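Participant: fold the following and give me the result.
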Amino acid sequence: MENPILEAKRELIQWIKQMDELETIAELLEIKNRKTSVHGIAESQAEYVVKDDFDERFAKGITGKEMMRKVYEHIESLPWKEK
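Facilitator: You can find the predicted model right below:
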């Protein structure tokens, strides 16, 4: 069973290929531009929804000394085998 959306797209593409009326093509371009500009605005606004909390997260992070202590602890906990 074929997807009805794909069939509709093929039909529209074929119709547009055979079209010679400039006014109708211009209307289709206007529709396309309206649709893409709405999505473009929505995407750019979505960027501002995410809070930039880098400084807060950085302040909650560990110090360099604490990180090195944890690294050494981890290395010492590994099951090393002597040859």
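Participant: can you list the low-confidence ranges for this protein?
Facilitator: 1, 38-50, 83 (pLDDT under 70).
Participant: that one: helices as residue ranges?
Facilitator: For the chain, applying DSSP state H gives helices covering 4-18, 22-49, 54-60, 64-77.
Participant: as TSV, those with mean neighbour count would be great.
Facilitator: The C-beta positions use only the backbone N, C-alpha and C, and glycine is treated the same way. Supplementary listing: the helices of the chain in TSV, determined by neighbours: other C-beta atoms under 10 Å:
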stretch	mean neighbour count
helix 4-18	10
helix 22-49	10
helix 54-60	8
helix 64-77	10
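Participant: burial measure for Met19, as a count.
Facilitator: 11 (other C-beta atoms under 10 Å).
Participant: once you drop chain neighbours, what's closest to it?
Facilitator: Ile25 (6.1 Å; C-beta to C-beta, 6 or more residues apart in numbering).
Participant: mind checking how far the one you found is from Ser77?
Facilitator: 70 Å (C-beta to C-beta, to the nearest Å).
Participant: from Ile62, how far out is the residue nearest to Met19?
Facilitator: On the measure of C-beta to C-beta, Ile25 and Ile62 end up 61 Å apart.
Participant: also Glu30?
Facilitator: 56 Å.
Participant: cool, and Gln14?
Facilitator: 62 Å.
Participant: distance check, Asp20 against Arg57.
Facilitator: For Asp20, the distance to Arg57 - C-beta to C-beta - is 59 Å.
Participant: ok, now Lys65?
Facilitator: The value you get for Lys65 to Arg57, if C-beta to C-beta is used, is 19 Å.
Participant: repeat for Leu28
Facilitator: 48 Å.
Participant: one more: Met67?
Facilitator: 15 Å.
Participant: any idea how far stretch 70-83 is from the chain center?
Facilitator: Centroid separation for stretch 70-83 versus its chain: 40 Å, with C-alpha atoms, centre = their mean, to the nearest Å.
Participant: got a list of contacts for it?
Facilitator: With contacts defined as C-beta atoms under 8 Å, 6 or more residues apart in numbering, stretch 70-83 is touched by Ile62.
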